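Undergrad: For reference, the sequence and a predicted model appear below.
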Amino acid sequence: MGSQMVSFKGTRNGLVIVLDPSREFEDIKSTLRAKMESARGFFSGAKFSIADMHQKIPTSQKGELEDICRQYGMVPNPDDSVVTRSKDTLETARPYQSRSAISAPVGDGEAALMVRRSLRSGQRIVYAGHVVVLGDIHPGAEVVAGGNVLVLGNCRGIIHAGIDGNSSAKVVAMRLSPTVLSIAGKRFTPDLTGQHAGYCRTARLSGRELVLE
C-alpha cells in the first residue's frame, strides 16, 4: 500500500513525488522517509517537486516533506510551476517500471533519459526511468536509474539500475566492465576486465544471482 501512498515519477524537469491525499499525513511522511532511506545516496543532487492528485497540499505539510527530501541530498525544483496537480498531466510522467509495466505494449513507450555525451569521473546522472548513454562511462562516473541502463560505449563506472526494487531492470553495454554494479539494490563488484571485450553484454538478475549474457 505504501507504494500507492507515495510514488516517484520521472519528468524532463526532474522527479515528481506524487502523494495520495486520502491517506493520513503521518503515514505519508513515514512512507516517504522509508523510501528515501531504502535508496540512500541514490537521489543525492536530483531536483524534485511534490504534488498530489486531487488537492493542494497545506504549506506546512509540504515543507515537512521537502525537508525529508533535503536530508537525503535532493534539491527542490526552483520552477515549481512545472508540476501541475492535474491527474492527466501527471499520468504522462512514467513511474519506476514495475515487473507488470515491462509487459506493456511497446507502442505505449516508457520514460527514458538520453545522455548525448560520455560521462567523466565525478559526473552523476539520476533518473527515475531508463537511462541511455550515447558514449562511455568512465571510472568515477555514476548512473542511477529506476529502470534499465543502456550504454552505447565502454561502461567502466558505477551503475545502479532498478533502484526502486525493479528486479527486471538490466544493464546493457558495448563493453561492460563497471567498478560497481547494482540492480534492485543488490550490489556486485564483478571482475569483467577483458571478458568478451568485443561483444555487447547484458547484466540482469536471476533470483539473487547476477547473470551476464
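TA: Looks like it came in fine.
Undergrad: which parts of stretch 59-76 are buried?
TA: Residues K62, L65, E66, I68, C69, Y72, M74 are the ones in stretch 59-76 that count as buried (16 or more other C-beta atoms under 10 Å). Quick note: C-beta positions are derived from backbone N, CA and C, even for glycine.
Undergrad: Next, format the residues you listed as a markdown table and append secondary structure.
TA: As requested, those are exported to a markdown table (DSSP: H, G, I helix; E, B strand; the rest coil):
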| residue | secondary structure |
| --- | --- |
| K62 | helix |
| L65 | helix |
| E66 | helix |
| I68 | helix |
| C69 | helix |
| Y72 | coil |
| M74 | coil |
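Undergrad: how about the residues you listed, which pair is most distant?
TA: Within the buried residues of stretch 59-76, K62 and Y72 form the most distant pair, 16.5 Å apart (C-beta to C-beta).
Undergrad: possible to save the buried residues of stretch 59-76 as a markdown table with pLDDT and distance to G135?
TA: As requested, these are exported to a markdown table (pLDDT from 0 to 100; distance: C-beta to C-beta, whole Å):
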| residue | pLDDT | distance to G135 |
| --- | --- | --- |
| K62 | 86 | 38 |
| L65 | 91 | 36 |
| E66 | 90 | 34 |
| I68 | 90 | 35 |
| C69 | 89 | 30 |
| Y72 | 83 | 29 |
| M74 | 83 | 26 |
